[in-house]
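Novice: I'd like to go over a predicted model; first the sequence, then the structure.
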Amino acid sequence: MKKFVAILSLLFSFIFFMNACKKDLSVETGNTGGTAMGTVLDSLGNCQQIIVHGNYQVDSILTDSNYLMIKLNITSRGKYKVSSDSSNGFWFSDSGFVITTGLQTVKIKGHGKPLLPIVTTKTISFDSTICQVNINCGLLPLSTNTDYFPTTVGSNWTYYYGSNLTDTSVTTVSNLYAIIGLNAYSLFSDIYPTPPNDTMIYRKDGNGNYYQYTKLLDSSNTWIDYPFLKDNLNVGSYWESDTVQGVLGGQNVTMKYGFTIIAQNTSVSFNGVNYTNVINVQEVSYLKLTSDPPSLFTPQTQSSDNSYYAKGIGWIATIYPNNSTYNITALRMPNIQ
């Protein structure tokens, strides 16, 4: 009996000790029984980085490899829940506890399965704030090597400028691509003898239209997606890019490009190489002061050029009739993969 009382006394002491430890732990770490509060935005009100992990394919159920890494700025400790909408058959949702305030990175699991091979915009919600991220569900850039602007990975072109054969650059189709809005773009890397190098962004729609995503003016904050080639139009056909605003020569200007098909299925020769099935596109830039009426666009004929595209080969030259020192021509037959 005494032994039992001793054991019972020891047991009560142990329970009291454990409760004391729990109480001390609660004091040190704070109460995590409430709801965490915070934001997915940074101090400027912009969405913080969201990193997408895993492959997203139609009719493939998402696994543990499909998740988002999201930065949260926690202002109140407790239980958090981050979730997305369920568009295109899949969604992200997860919860947990945070015991410290400040910037936290959390992992949000994917659920369901994509229904359509499209770029799906997911709206991520935490507390009362939201951010969006684009998920590529099997949509890749249209990649062919038989049209007028090949985008097959590894294809490359060597160009030279003016009459100096040593002033060259090499353009290569990267194995990377970009999703911008609802479009998938191929990335072309331009390597020059002296840095900086450059990356160009292109796409095509499979209907004979080829687009570049760029800024027309270095001083502009506006990026546009405009067609620089249409292989489905007749000679004499004309189209324009969207307009952008910026500063040029200290003046606030509005700019756009105009394009005209000059020749179809023609033959040309550059640097001793003959090309057939070539389209010649005239490019003219138009400028006006931003404060002027829309009808006052003036063509900049001194900087107009003719660009040449060969079927199955791509861009082979840009010729400036009024200043040959700016000419760009393919140095040799390109390497199309």
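Specialist: Noted; the coordinates are in hand.
Novice: For the rest of this, base every contact and every neighbour count on C-alpha atoms.
Specialist: OK.
Novice: Outline the domain layout of the chain.
Specialist: Annotated domains of the chain cover 37-136, 156-330 [automatic domain parsing].
Novice: Residue 148 is nearest to which of those?
Specialist: With distances scored as C-alpha to C-alpha, the stretch of these nearest to residue 148 is domain 156-330 (4.3 Å).
Novice: Endpoints of that closest one, how far apart?
Specialist: 11 Å (C-alpha to C-alpha, to the nearest Å).
Novice: now swap in stretch 244-253 and tell me
Specialist: End-to-end span of stretch 244-253 (C-alpha to C-alpha): 8 Å.
Novice: I'd like the average pLDDT over it.
Specialist: For stretch 244-253, the mean pLDDT works out to 90.
Novice: That one: how far from the chain's middle?
Specialist: 26 Å (C-alpha atoms, centre = their mean, to the nearest Å).
Novice: just stretch 49-56 next, same as before
Specialist: Distance of stretch 49-56 from the chain centroid (C-alpha atoms, centre = their mean) equals 13 Å.
Novice: mind listing what residue 290 touches?
Specialist: Contacts for residue 290 (C-alpha atoms under 8 Å, 6 or more residues apart in numbering) come out as 245, 252, 253, 254.
Novice: Any of those buried? List them.
Specialist: Among the contacts of residue 290, those buried by neighbour count (16 or more other C-alpha atoms under 10 Å) are 245, 253, 254.
Novice: Spatially nearest residue to the first one (excluding sequence neighbours)?
Specialist: Read it as residue 245. Nearest residue to residue 245, sequence neighbours excluded (C-alpha to C-alpha, 6 or more residues apart in numbering): residue 254, at 4.4 Å.
Novice: where along the stretch 1-150 of the chain do the helices fall?
Specialist: 2-29 (DSSP state H, counting those that start in this stretch).
Novice: Can you list the low-confidence ranges for it?
Specialist: Within the stretch 1-150 of the chain, the ranges that satisfy pLDDT under 70 run 1-33.
Novice: so where do the strands sit in it?
Specialist: For the stretch 1-150 of the chain, the strands defined by DSSP state E, counting those that start in this stretch occupy 37-39, 50-53, 67-76, 78-84, 90-98, 102-112, 119-126, 129-136.
Novice: thinking again about what came up before, may I see the contacts of residue 290 organised as JSON lines, with distance to residue 179 added?
Specialist: Compiled in JSON lines, the contacts of residue 290 are given as follows (distance: C-alpha to C-alpha, whole Å):
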{"residue": "245", "distance to residue 179": "24"}
{"residue": "252", "distance to residue 179": "31"}
{"residue": "253", "distance to residue 179": "30"}
{"residue": "254", "distance to residue 179": "27"}
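Novice: Mind telling me what element the residue nearest to residue 245 is part of?
Specialist: For residue 254, the element it lies in under DSSP states H and E is strand 251-270.
Novice: Heading C-terminal from that strand, find the next helix or strand.
Specialist: Note on strand 251-270: by DSSP H and E, the next helix or strand toward the C-terminus is strand 273-289.
Novice: can you list contacts of the helix or strand following that next one?
Specialist: Beyond strand 273-289 on the C-terminal side, the first helix or strand identified by DSSP H and E is strand 298-299. By C-alpha under 8 Å, 6+ apart, the surrounding residues in contact with strand 298-299 are 284, 285, 286, 287, 288.
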